[in-house]
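> return a 3D structure for these sequence lines:
(2 chains)
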Number of protein chains: 2
Amino acid sequence: MRDMQKQIKLINRPKGTPTKEDFKMVTAPIGEASEGEVLVRTVYISVDPYLRGRMNDTKSYIAPFELNEMISSGVIAQVVFSKSTLFKKGDVVLGALPWQEYSIANENTVRKIDHSRAPASAYLSVLGMTGLTAYFGLLDIGKPQQGETVVVSGAAGAVGSIVGQIAKIKGTRVVGIVGSDEKVKFLIDELGFDAAINYKTQNVAEALREACPNGIDVYYENVGGEIADAIFPLLNNFARIPVCGAISSYNNERPDLGPRVQGYLIKTSSLMQGFTIGNYSPRFGEGVSDLAGWLKEGKLKYEETVTEGFDRTIDAFLDLFIGKNLGKAIVKVSEIEK
Amino acid sequence: MRDMQKQIKLINRPKGTPTKEDFKMVTAPIGEASEGEVLVRTVYISVDPYLRGRMNDTKSYIAPFELNEMISSGVIAQVVFSKSTLFKKGDVVLGALPWQEYSIANENTVRKIDHSRAPASAYLSVLGMTGLTAYFGLLDIGKPQQGETVVVSGAAGAVGSIVGQIAKIKGTRVVGIVGSDEKVKFLIDELGFDAAINYKTQNVAEALREACPNGIDVYYENVGGEIADAIFPLLNNFARIPVCGAISSYNNERPDLGPRVQGYLIKTSSLMQGFTIGNYSPRFGEGVSDLAGWLKEGKLKYEETVTEGFDRTIDAFLDLFIGKNLGKAIVKVSEIEK
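The predicted model follows:
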């Protein structure tokens, strides 16, 4: 086996939109596993919008990345060498691991996944963090009721595409907001959304009024900004807004100004609630079980945008902010070996 | 008894801050009660910020006032003549009644109050709509826990002053935001707040950081605008924001722009929820019972700013928007007769 590998480090805190210059690819030794550790080969790397927040040096729900250290995110990897009694060579595992070709992981920081039930990459999306984010945000905060209208922004993304499909399973009218006609078509033709809006070519406020003749009961927030602003005037009484993300503002250098929401919330007795998936960790089993069931029954489809090659990890991350991905964005670093 | 009385009508929909020219005092017959009705003499009129919203011709949780018709609000009145078996002459009643010196009310639209338990005017404040608004917004949405920090804006007002005192009863650190040094002194010396900030003379963001060394767990929103903006960066994880009012924006003619809140809600998993007191009507008994108990035990004080004379009703209403009132603003129209 090789001794050296590539790693990706954060070398500047991005100002506004991240650029390639904020990252550096370096070569470093792979190292050796000690007792209770496994050496794993990276198979898939998850690239996610929330990682942008960790590149700032500000207090948040999760610690910022250190400068001149590796980025880390959800990773699927395969055990190459085990000094743990919990894992054997060939096991496929999931963990929060650094962006490098191989990792040494403590046996308590990774868990084995059953890739006979679903493809391994699904554990980074529909059966993993983004699927659970869709599931708990929509069902626990959004509480969609049969016949209601659910709007989701970032609707062709890893979270949004699952949100919309769960909302359909729950018997609601589902409207998605996306940034291309291709995505509009995908939502309606492939995922069964009732309507979809291209915010780049349509007047969102007008299109929403047309697509939501009975108003909006649940708005699953992924993007923030002007798209969100257009939602508030259409809220029904007792509407619920799970606030999952605000990708439109992640690269802002100036204060993100928009209409204040208090008046809308009062008029309609509506609720907005931010959350992160970690809040729900005691209930992950329940979520995975429902998601896997719907997947098996064919009620849930998931899409992946796979970028091939470790060298293109940064490109895959930067593409998130120009909306290139359909469904979950992942980087394929190596093949799972039998 | 007199035949004629004065009435106050809305003759223009205010543009921005209401002025006297938006209202008109007219003289009209008092009329006679029919079967199932009572003739009542107005004793106290409640003037409230929310009435401003009803002067606009826009959809909200409560219908707008009609042009060239009387304003109505919470009124305490005394029965002068009864053609109802439910009421007798001398009974003191509470109802949503028009701004006039006498009213004819259907027996089902008013209810008798026990003014031996508390002064009649208290049924417009601490034991009435504003007390219940404080109670349910704080306890049902804010859910203050012992040792947490609760901030309330409009803290010397009818709602805010009760919110702060209930928060103290619940064992929290309570910080009020008000618009004069007299009110700061009132909150600390009379109501037992831990700290108070004068937003007109202090930098609210700095003063909040100092007054809330452990961050903010509950923000009871009465004012909106820049004061609210200063709260969001100080929210603790899982903070709760009952959104009761946004008086700073009620007279705005332009869009009310401020920093979008989504990022703050996500970072802290915080909740913002608008409400109106009508949502809680099935639970009013529970609220009145607790409030009356605390009042009796001396744990709750309430202040009133009483304007004397029906002719000054409009002045009392307009004074709300320049923060003249301490506690509940009411107009005393007549005396309760034994």
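> so what's the residue count around residue A:188?
14 (other Cβ atoms under 10 Å in any protein chain shown). (Each C-beta comes from the backbone N, C-alpha and C, glycine too.)
> now it: how far from chain B?
Using Cβ to the nearest Cβ, to the nearest Å, residue A:188 is found at 27 Å from chain B.
> how about that residue: what's its closest non-neighbour residue?
Spatial nearest neighbour of residue A:188, chain neighbours left out: residue A:196 (5.6 Å); criterion: Cβ to Cβ, 6 or more residues apart in numbering or on different chains.
> surely that neighbour and residue A:177 touch.
Yes. With contact defined as Cβ atoms under 8 Å, residue A:196 counts as touching residue A:177 (7.4 Å).
> give the residues shared as contacts by these two.
Contact criterion Cβ atoms under 8 Å, 6 or more residues apart in numbering or on different chains; residues shared by residue A:196 and residue A:177: residue A:155.
> within range of chain B, give me the residues from chain A.
For chain A, the residues in contact with chain B (Cβ under 8 Å from any Cβ of the partner chain) are A:53, A:59-61, A:221, A:224-225, A:228, A:237, A:243-246, A:249, A:255-276, A:279.
> look up the closest residue to the most centrally placed residue in chain A, ignoring the ones flanking it.
The residue lying closest to the centre of chain A (Cα atoms, centre = their mean) is residue A:130, at 4.3 Å. Distances taken as Cβ to Cβ, 6+ apart put residue A:158 closest to residue A:130, at 3.9 Å, once the chain neighbours are dropped.
> can you pull the contacts of the one you found?
Residues near residue A:158 by Cβ under 8 Å, 6+ apart: A:48, A:125, A:130, A:325, A:327, A:328, A:329.
> what is the host helix or strand of residue A:288 packed up against?
Here residue A:288 sits within helix A:284-296, counting by DSSP states H and E. Contacts defined by 3 or more Cβ pairs under 8 Å, 6 or more residues apart in numbering or on different chains; DSSP states H and E place helix A:284-296 against helix A:129-136, helix A:158-169.
> could you export that helix as CSV, CA atoms only?
Extracted C-alpha coordinates of helix A:284-296, given in CSV (Å, rounded to 0.1, in the frame of the first residue of the first chain):
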residue,chain,number,x,y,z
PHE,A,284,-32.4,9.1,14.3
GLY,A,285,-33.5,5.4,14.4
GLU,A,286,-37.1,6.4,13.9
GLY,A,287,-36.2,8.6,10.9
VAL,A,288,-34.0,6.1,9.2
SER,A,289,-36.6,3.4,9.6
ASP,A,290,-39.4,5.5,8.0
LEU,A,291,-37.1,6.7,5.2
ALA,A,292,-35.8,3.2,4.4
GLY,A,293,-39.4,2.0,4.4
TRP,A,294,-40.6,4.6,1.9
LEU,A,295,-37.5,4.0,-0.2
LYS,A,296,-38.3,0.3,-0.3
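> where do the strands sit along the stretch 51-200 of chain A?
Using DSSP state E, counting those that start in this stretch, the strands of the stretch 51-200 of chain A run over A:69-70, A:72-82, A:92-98, A:102-106, A:110-112, A:149-153, A:173-178, A:195-198.
> name the helices or strands packed onto the helix or strand that the last one is followed by?
Sequence order places helix A:204-211 as the next helix or strand after strand A:195-198, per DSSP H and E. Helices and strands touching helix A:204-211, as assessed by 3+ Cβ pairs under 8 Å, 6+ apart, comprise strand A:173-178, strand A:195-198, helix A:225-231.
> please name the bridge partners of the closest residue to residue A:214 other than its chain neighbours.
Once flanking residues are discounted, residue A:214 sits nearest to residue A:149: 5.6 Å by Cβ to Cβ, 6+ apart. Taking DSSP bridges as the rule, residue A:149 bridges to residue A:173.
> surely residue A:149 meets residue A:173?
Yes. Counting by Cβ under 8 Å, residue A:149 does reach residue A:173; the two are 4.6 Å apart.
> residues near residue A:57, how many?
Neighbour tally, residue A:57, other Cβ under 10 Å: 10.
> give me every residue that touches it.
Applying Cβ under 8 Å, 6+ apart, the residues near residue A:57 are A:13, A:64.
> next, give phi and psi for it.
For residue A:57, the backbone dihedrals (degrees, to the nearest 10) come out as phi -100, psi 60.
> would you mind measuring from it to chain B?
In terms of Cβ to the nearest Cβ, residue A:57 sits 14 Å off from chain B.
> same check on residue A:149?
Distance from residue A:149 to chain B, by Cβ to the nearest Cβ: 17 Å.
> and for residue A:69?
Between residue A:69 and chain B the computed distance is 22 Å (Cβ to the nearest Cβ).
> can you tell me the SS state at the closest residue to that residue other than its chain neighbours?
Nearest non-adjacent residue to residue A:69, counting by Cβ to Cβ, 6+ apart: residue A:9, 6.2 Å away. Three-state call for residue A:9 (DSSP: H, G, I helix; E, B strand; the rest coil): strand.
> on that earlier part again, can you list the helices and strands packed on helix A:204-211 in TSV and add mean pLDDT and mean neighbour count?
Shown next, in TSV, are the helices and strands packed on helix A:204-211 (pLDDT from 0 to 100; neighbours: other Cβ atoms under 10 Å in any protein chain shown):
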stretch	mean pLDDT	mean neighbour count
strand A:173-178	98	28
strand A:195-198	98	22
helix A:225-231	96	20
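> got the ones you listed as TSV, with distance to residue A:311 columns?
TSV is the format used below for those (distance: least, Cβ to Cβ, whole Å):
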stretch	distance to residue A:311
strand A:173-178	29
strand A:195-198	33
helix A:225-231	32
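> to residue B:311, which of the ones you listed lies closest?
helix A:225-231 (43.8 Å; Cβ to Cβ).
> helices and strands around the closest one, which ones?
Judged by 3+ Cβ pairs under 8 Å, 6+ apart, helix A:225-231 is in contact with strand A:149-153, helix A:204-211, strand A:216-220, strand A:257-259.
> what residues does the second one touch?
What that stands for is helix A:204-211. A:151, A:175, A:177, A:194-195, A:197, A:216, A:226-227, A:230-231, A:233-234.
> where in chain A is pLDDT low?
In the predicted model of chain A, no residue satisfies pLDDT under 70.
> quick one, domains of it?
Using automatic domain parsing, the domain ranges for chain A come out as A:4-124+A:303-332, A:129-280+A:288-294.
> which one of the ones you listed lies nearest to residue B:98?
Nearest of these (Cβ to Cβ): domain A:129-280+A:288-294, 23.8 Å.
> re the thing from before, ok, the residue nearest to residue A:69 - contacts?
Taking Cβ under 8 Å, 6+ apart, one finds A:23, A:24, A:25, A:26, A:68, A:69, A:70, A:71 in contact with residue A:9.
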